[in-house]
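Trainee: Sequence unavailable; structure follows:
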(Lines give C-alpha, C1' and ligand atoms only; values in the text may rest on other atoms or scores of the structure.)
Protein backbone atom coordinates (compact mmCIF):
# COMPACT_ATOMS: atom_id res chain seq x y z
CA UNK A 1 0.00 0.00 0.00
CA UNK A 2 2.97 2.30 0.33
CA UNK A 3 3.87 4.71 3.11
CA UNK A 4 1.24 6.34 5.30
CA UNK A 5 -0.08 9.67 4.04
CA UNK A 6 0.35 12.54 6.53
CA UNK A 7 -0.74 16.14 6.01
CA UNK A 8 0.75 19.23 7.68
CA UNK A 9 0.38 22.98 7.30
CA UNK A 10 2.93 24.30 4.82
CA UNK A 11 3.03 21.06 2.85
CA UNK A 12 3.55 21.73 -0.86
CA UNK A 13 2.29 19.88 -3.91
CA UNK A 14 3.75 20.15 -7.40
CA UNK A 15 0.38 20.89 -9.00
CA UNK A 16 -3.35 20.91 -8.33
CA UNK A 17 -3.56 17.44 -9.89
CA UNK A 18 -0.97 16.14 -7.43
CA UNK A 19 -2.85 17.57 -4.43
CA UNK A 20 -6.13 16.18 -5.73
CA UNK A 21 -4.60 12.74 -6.28
CA UNK A 22 -3.02 12.58 -2.83
CA UNK A 23 -6.27 13.60 -1.14
CA UNK A 24 -8.08 10.91 -3.10
CA UNK A 25 -5.51 8.30 -2.12
CA UNK A 26 -5.79 9.41 1.51
CA UNK A 27 -9.59 9.06 1.46
CA UNK A 28 -9.39 5.51 0.10
CA UNK A 29 -6.69 4.37 2.51
CA UNK A 30 -8.36 5.88 5.58
CA UNK A 31 -11.83 4.76 4.52
CA UNK A 32 -13.36 8.23 4.69
CA UNK A 33 -15.56 10.17 2.30
CA UNK A 34 -14.24 13.61 1.43
CA UNK A 35 -16.29 16.41 -0.07
CA UNK A 36 -14.84 19.15 -2.25
CA UNK A 37 -15.92 22.63 -1.21
CA UNK A 38 -13.45 24.42 -3.49
CA UNK A 39 -11.86 22.78 -6.48
CA UNK A 40 -10.67 25.28 -9.05
CA UNK A 41 -7.44 26.64 -10.51
CA UNK A 42 -6.37 28.54 -7.38
CA UNK A 43 -8.06 26.78 -4.43
CA UNK A 44 -8.82 23.32 -3.16
CA UNK A 45 -10.80 22.69 0.01
CA UNK A 46 -11.77 19.24 1.32
CA UNK A 47 -13.99 18.31 4.28
CA UNK A 48 -15.21 15.07 5.83
CA UNK A 49 -18.73 14.46 4.56
CA UNK A 50 -19.80 12.61 7.72
CA UNK A 51 -22.02 14.82 9.87
CA UNK A 52 -20.37 16.39 12.89
CA UNK A 53 -16.76 15.56 12.04
CA UNK A 54 -14.35 18.50 11.74
CA UNK A 55 -11.68 17.21 9.36
CA UNK A 56 -10.80 19.93 6.86
CA UNK A 57 -7.91 20.71 4.52
CA UNK A 58 -7.49 23.85 2.44
CA UNK A 59 -4.75 24.61 -0.06
CA UNK A 60 -4.15 27.40 -2.56
CA UNK A 61 -1.86 28.16 -5.46
CA UNK A 62 1.55 29.64 -4.70
CA UNK A 63 3.28 32.57 -6.35
CA UNK A 64 4.69 30.39 -9.13
CA UNK A 65 1.08 29.81 -10.31
CA UNK A 66 1.58 26.06 -10.51
CA UNK A 67 2.32 24.43 -7.17
CA UNK A 68 -0.11 24.35 -4.21
CA UNK A 69 0.50 24.79 -0.48
CA UNK A 70 -1.62 23.47 2.39
CA UNK A 71 -2.63 26.48 4.49
CA UNK A 72 -5.38 25.14 6.77
CA UNK A 73 -5.65 21.67 8.33
CA UNK A 74 -7.96 20.17 10.96
CA UNK A 75 -6.58 16.65 11.07
CA UNK A 76 -9.09 14.79 13.23
CA UNK A 77 -11.07 11.76 12.09
CA UNK A 78 -13.45 9.91 14.42
CA UNK A 79 -15.95 8.68 11.82
CA UNK A 80 -16.47 5.02 10.98
CA UNK A 81 -14.60 3.47 8.06
CA UNK A 82 -16.41 3.44 4.71
CA UNK A 83 -15.75 0.21 2.82
CA UNK A 84 -17.73 1.01 -0.33
CA UNK A 85 -15.73 4.15 -1.02
CA UNK A 86 -16.96 6.24 -3.94
CA UNK A 87 -13.42 7.58 -4.47
CA UNK A 88 -12.29 4.10 -5.59
CA UNK A 89 -13.32 4.54 -9.20
CA UNK A 90 -12.64 2.24 -12.13
CA UNK A 91 -9.47 4.07 -13.21
CA UNK A 92 -7.94 3.94 -9.71
CA UNK A 93 -8.77 0.27 -9.21
CA UNK A 94 -7.44 -0.62 -12.67
CA UNK A 95 -4.09 0.97 -11.83
CA UNK A 96 -3.86 -1.25 -8.72
CA UNK A 97 -4.71 -4.59 -10.33
CA UNK A 98 -3.22 -3.96 -13.79
CA UNK A 99 -0.17 -6.19 -13.33
CA UNK A 100 -2.27 -9.07 -11.98
CA UNK A 101 -4.81 -8.95 -14.80
CA UNK A 102 -2.09 -8.69 -17.47
CA UNK A 103 -0.22 -11.69 -16.09
CA UNK A 104 -3.45 -13.67 -15.63
CA UNK A 105 -6.19 -12.44 -18.01
CA UNK A 106 -8.60 -15.14 -16.79
CA UNK A 107 -8.52 -13.94 -13.18
CA UNK A 108 -12.03 -13.86 -11.72
CA UNK A 109 -13.82 -10.77 -10.45
CA UNK A 110 -14.26 -12.56 -7.11
CA UNK A 111 -10.51 -12.89 -6.69
CA UNK A 112 -10.02 -9.20 -7.51
CA UNK A 113 -12.70 -8.31 -4.95
CA UNK A 114 -10.97 -10.34 -2.23
CA UNK A 115 -7.60 -8.82 -3.11
CA UNK A 116 -8.88 -5.23 -2.90
CA UNK A 117 -10.59 -5.93 0.41
CA UNK A 118 -7.41 -7.43 1.85
CA UNK A 119 -4.98 -4.78 0.59
CA UNK A 120 -7.03 -1.59 0.67
CA UNK A 121 -10.03 -2.40 2.90
CA UNK A 122 -12.48 -1.47 0.16
CA UNK A 123 -15.51 -3.41 -1.07
CA UNK A 124 -16.16 -3.16 -4.81
CA UNK A 125 -19.30 -4.44 -6.53
CA UNK A 126 -18.99 -6.98 -9.33
CA UNK A 127 -20.21 -4.63 -12.07
CA UNK A 128 -17.40 -2.18 -11.34
CA UNK A 129 -14.87 -5.02 -11.26
CA UNK A 130 -15.98 -6.23 -14.69
CA UNK A 131 -15.49 -2.67 -15.97
CA UNK A 132 -12.04 -2.63 -14.36
CA UNK A 133 -11.04 -5.86 -16.07
CA UNK A 134 -12.40 -4.64 -19.40
CA UNK A 135 -10.38 -1.43 -19.08
CA UNK A 136 -7.15 -3.30 -18.36
CA UNK A 137 -7.73 -5.77 -21.19
CA UNK A 138 -8.42 -2.94 -23.64
CA UNK A 139 -5.09 -1.37 -22.65
CA UNK A 140 -3.43 -4.73 -23.12
CA UNK A 141 -4.88 -5.03 -26.62
CA UNK A 142 -3.64 -1.51 -27.39
CA UNK A 143 -0.11 -2.41 -26.27
CA UNK A 144 -0.37 -5.58 -28.35
CA UNK A 145 -1.40 -3.64 -31.44
CA UNK A 146 1.44 -1.15 -31.04
CA UNK A 147 3.97 -3.92 -30.55
CA UNK A 148 3.01 -5.69 -33.75
CA UNK A 149 2.82 -2.83 -36.20
CA UNK A 150 5.70 -4.21 -38.19
CA UNK A 151 7.30 -4.72 -41.56
CA UNK A 152 8.82 -8.18 -42.08
CA UNK A 153 11.18 -9.25 -44.83
CA UNK A 154 14.22 -11.53 -44.79
CA UNK A 155 17.52 -10.93 -46.55
CA UNK A 156 17.08 -14.11 -48.59
CA UNK A 157 13.81 -12.74 -49.98
CA UNK A 158 15.43 -9.48 -51.04
CA UNK A 159 18.41 -11.24 -52.61
CA UNK A 160 16.19 -13.83 -54.31
CA UNK A 161 14.01 -11.14 -55.85
CA UNK A 162 16.96 -9.21 -57.25
CA UNK A 163 18.71 -12.28 -58.67
CA UNK A 164 15.92 -14.60 -59.79
CA UNK A 165 12.52 -12.90 -60.07
CA UNK A 166 10.70 -10.97 -62.74
CA UNK A 167 10.87 -7.18 -62.36
CA UNK A 168 7.37 -6.53 -61.08
CA UNK A 169 5.59 -6.89 -57.74
CA UNK A 170 1.99 -7.72 -56.83
CA UNK A 171 0.46 -5.82 -53.89
CA UNK A 172 -2.57 -6.95 -51.90
CA UNK A 173 -4.01 -7.13 -48.40
CA UNK A 174 -6.35 -9.32 -46.38
CA UNK A 175 -8.24 -8.59 -43.17
CA UNK A 176 -7.13 -10.54 -40.12
CA UNK A 177 -9.74 -12.27 -37.99
CA UNK A 178 -7.75 -12.61 -34.76
CA UNK A 179 -8.44 -10.89 -31.42
CA UNK A 180 -6.75 -7.64 -32.49
CA UNK A 181 -7.96 -7.45 -36.09
CA UNK A 182 -5.90 -5.40 -38.50
CA UNK A 183 -4.83 -5.90 -42.10
CA UNK A 184 -2.00 -8.00 -43.46
CA UNK A 185 -0.44 -6.30 -46.49
CA UNK A 186 1.76 -8.43 -48.71
CA UNK A 187 4.07 -7.96 -51.67
CA UNK A 188 4.53 -11.01 -53.89
CA UNK A 189 6.70 -11.50 -56.97
CA UNK A 190 7.01 -14.25 -59.60
CA UNK A 191 10.23 -16.19 -59.94
CA UNK A 192 11.73 -17.28 -63.26
CA UNK A 193 9.67 -20.48 -63.20
CA UNK A 194 6.38 -18.56 -62.65
CA UNK A 195 6.14 -19.58 -59.01
CA UNK A 196 4.95 -17.12 -56.36
CA UNK A 197 7.77 -15.55 -54.36
CA UNK A 198 6.69 -13.76 -51.13
CA UNK A 199 8.73 -10.60 -50.61
CA UNK A 200 7.41 -8.80 -47.56
CA UNK A 201 4.44 -8.68 -45.19
CA UNK A 202 3.24 -5.74 -43.13
CA UNK A 203 0.65 -5.72 -40.33
CA UNK A 204 -1.18 -2.42 -40.07
CA UNK A 205 -4.49 -1.00 -38.87
CA UNK A 206 -7.12 0.88 -40.85
CA UNK A 207 -7.73 4.26 -39.19
CA UNK A 208 -10.29 6.11 -41.27
CA UNK A 209 -9.97 7.08 -44.90
CA UNK A 210 -6.66 8.97 -44.75
CA UNK A 211 -4.56 5.92 -45.52
CA UNK A 212 -1.47 6.09 -47.74
CA UNK A 213 -2.23 4.80 -51.25
CA UNK A 214 -0.23 3.94 -54.33
CA UNK A 215 -1.13 5.96 -57.40
CA UNK A 216 -1.50 2.85 -59.57
CA UNK A 217 -4.21 4.15 -61.97
CA UNK A 218 -1.77 6.75 -63.32
CA UNK A 219 0.82 4.15 -64.24
CA UNK A 220 1.28 2.69 -67.70
CA UNK A 221 -1.21 -0.12 -68.36
CA UNK A 222 1.52 -2.54 -69.39
CA UNK A 223 3.42 -1.91 -66.19
CA UNK A 224 0.38 -1.85 -63.94
CA UNK A 225 -1.49 -5.01 -65.04
CA UNK A 226 -3.28 -5.15 -61.69
CA UNK A 227 -6.15 -7.32 -62.97
CA UNK A 228 -3.88 -9.77 -64.77
CA UNK A 229 -1.06 -10.43 -62.33
CA UNK A 230 -2.92 -9.96 -59.04
CA UNK A 231 -3.70 -13.69 -58.98
CA UNK A 232 -0.28 -14.34 -57.46
CA UNK A 233 -1.07 -12.20 -54.38
CA UNK A 234 -4.49 -13.83 -54.07
CA UNK A 235 -2.74 -17.19 -54.11
CA UNK A 236 -0.54 -16.09 -51.23
CA UNK A 237 -3.56 -14.92 -49.21
CA UNK A 238 -5.22 -18.29 -49.83
CA UNK A 239 -2.17 -20.04 -48.39
CA UNK A 240 -2.82 -18.33 -45.06
CA UNK A 241 -6.22 -20.01 -44.73
CA UNK A 242 -7.47 -20.28 -41.15
CA UNK A 243 -4.20 -18.86 -39.82
CA UNK A 244 -5.66 -15.37 -40.39
CA UNK A 245 -7.68 -15.94 -37.20
CA UNK A 246 -4.60 -16.61 -35.07
CA UNK A 247 -2.62 -14.15 -32.98
CA UNK A 248 0.00 -12.00 -34.68
CA UNK A 249 2.91 -14.04 -33.32
CA UNK A 250 1.36 -17.32 -34.50
CA UNK A 251 0.53 -15.89 -37.92
CA UNK A 252 4.02 -14.46 -38.43
CA UNK A 253 5.58 -17.74 -37.35
CA UNK A 254 3.42 -19.55 -39.92
CA UNK A 255 4.51 -17.10 -42.64
CA UNK A 256 8.15 -17.51 -41.63
CA UNK A 257 7.87 -21.28 -42.00
CA UNK A 258 6.18 -20.90 -45.40
CA UNK A 259 8.98 -18.65 -46.64
CA UNK A 260 11.70 -20.97 -45.36
CA UNK A 261 10.10 -24.02 -46.97
CA UNK A 262 9.53 -22.18 -50.25
CA UNK A 263 13.11 -20.94 -50.46
CA UNK A 264 14.52 -24.38 -49.66
CA UNK A 265 12.15 -26.06 -52.12
CA UNK A 266 13.02 -23.63 -54.92
CA UNK A 267 16.73 -24.06 -54.26
CA UNK A 268 16.49 -27.85 -54.54
CA UNK A 269 14.37 -27.58 -57.70
CA UNK A 270 16.87 -25.21 -59.33
CA UNK A 271 19.72 -27.60 -58.59
CA UNK A 272 17.79 -30.34 -60.39
CA UNK A 273 17.20 -28.33 -63.58
CA UNK A 274 18.74 -29.94 -66.64
CA UNK A 275 18.44 -26.89 -68.88
CA UNK A 276 19.44 -23.27 -68.55
CA UNK A 277 15.83 -22.18 -68.93
CA UNK A 278 13.30 -22.81 -66.15
CA UNK A 279 11.07 -25.88 -66.82
CA UNK A 280 7.80 -23.98 -67.29
CA UNK A 281 9.42 -21.47 -69.64
CA UNK A 282 11.04 -24.29 -71.59
CA UNK A 283 7.68 -26.07 -71.97
CA UNK A 284 6.04 -22.91 -73.31
CA UNK A 285 8.83 -22.34 -75.82
CA UNK A 286 8.60 -25.92 -77.04
CA UNK A 287 4.82 -25.57 -77.47
CA UNK A 288 5.25 -22.36 -79.42
CA UNK A 289 7.85 -23.94 -81.69
CA UNK A 290 5.75 -27.06 -82.29
CA UNK A 291 2.68 -25.01 -83.08
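Mentor: Nice, I can see it. No experiment lies behind these values; they were computed from the predicted model shown. Numbering: from 1, shown residues only.
Trainee: C-alpha from now on. contacts and neighbour counts both.
Mentor: OK.
Trainee: Touching, residue 30 and residue 79? I think so.
Mentor: No: Residue 30 lies out of contact with residue 79 (Cα atoms under 8 Å); the separation is 10.2 Å.
Trainee: residue ranges for the helices of the stretch 151-291 of the chain, please.
Mentor: According to DSSP state H, counting those that start in this stretch, the stretch 151-291 of the chain carries its helices in the segments 155-164, 221-224, 226-229, 231-240, 248-271, 279-290.
Trainee: mind giving me the domain split of this protein?
Mentor: 12-74, 90-147, 151-290 (automatic domain parsing).
Trainee: can you redo those as a markdown table with mean neighbour count and mean pLDDT?
Mentor: Converted to a markdown table, those look like this (neighbours: other Cα atoms under 10 Å; pLDDT from 0 to 100):
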| stretch | mean neighbour count | mean pLDDT |
| --- | --- | --- |
| domain 12-74 | 17 | 91 |
| domain 90-147 | 15 | 84 |
| domain 151-290 | 14 | 76 |
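Trainee: Let me have those domains in JSON lines, extended by distance to residue 6.
Mentor: Listed next are the domains of the chain as JSON lines, based on distance: least, Cα to Cα, whole Å:
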{"stretch": "domain 12-74", "distance to residue 6": "9"}
{"stretch": "domain 90-147", "distance to residue 6": "17"}
{"stretch": "domain 151-290", "distance to residue 6": "44"}
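Trainee: Go through those and name the closest to residue 5.
Mentor: domain 12-74 (6.3 Å; Cα to Cα).
Trainee: Between the two ends of the closest one, how far is it?
Mentor: 17 Å (Cα to Cα, to the nearest Å).
Trainee: tell me the contacts of the residue lying closest to residue 196 once chain neighbours are set aside?
Mentor: Closest residue to residue 196 apart from its sequence neighbours, by Cα to Cα, 6 or more residues apart in numbering: residue 190 at 4.8 Å. Residue 190 makes contacts with 165-166, 168-169, 196-197, 232, as judged by Cα atoms under 8 Å, 6 or more residues apart in numbering.
Trainee: just checking, residue 153 touches residue 203?
Mentor: No: using Cα under 8 Å, residue 153 makes no contact with residue 203, being 12.0 Å away.
Trainee: Could you pull out the helices in the stretch 1-150 of the chain for me?
Mentor: Under DSSP H, counting those that start in this stretch, the stretch 1-150 of the chain gives helices at 16-30, 90-103, 109-120, 126-147.
Trainee: Nearest to residue 59, out of these?
Mentor: helix 16-30 (8.5 Å).
Trainee: residue contacts, residue 164?
Mentor: Neighbours of residue 164 in contact, by Cα under 8 Å, 6+ apart: 191-192.
Trainee: Provide the partner residues of residue 188 in its beta bridges.
Mentor: When assigned by DSSP bridges, residue 188 has beta-bridge partners residue 170, residue 198.
Trainee: quick one: it and residue 50, what's the gap?
Mentor: 70 Å.
Trainee: same deal with residue 205?
Mentor: Taking Cα to Cα, one finds residue 205 at 51 Å from residue 50.
Trainee: now swap in residue 76 and tell me
Mentor: Distance of residue 76 to residue 50, given as Cα to Cα: 12 Å.
Trainee: Bridge partners for the nearest residue to residue 56 once chain neighbours are set aside, pull those for me.
Mentor: Spatial nearest neighbour of residue 56, chain neighbours left out: residue 47 (4.4 Å); criterion: Cα to Cα, 6+ apart. Beta bridges link residue 47 to residue 35, residue 56 when assigned by DSSP bridges.
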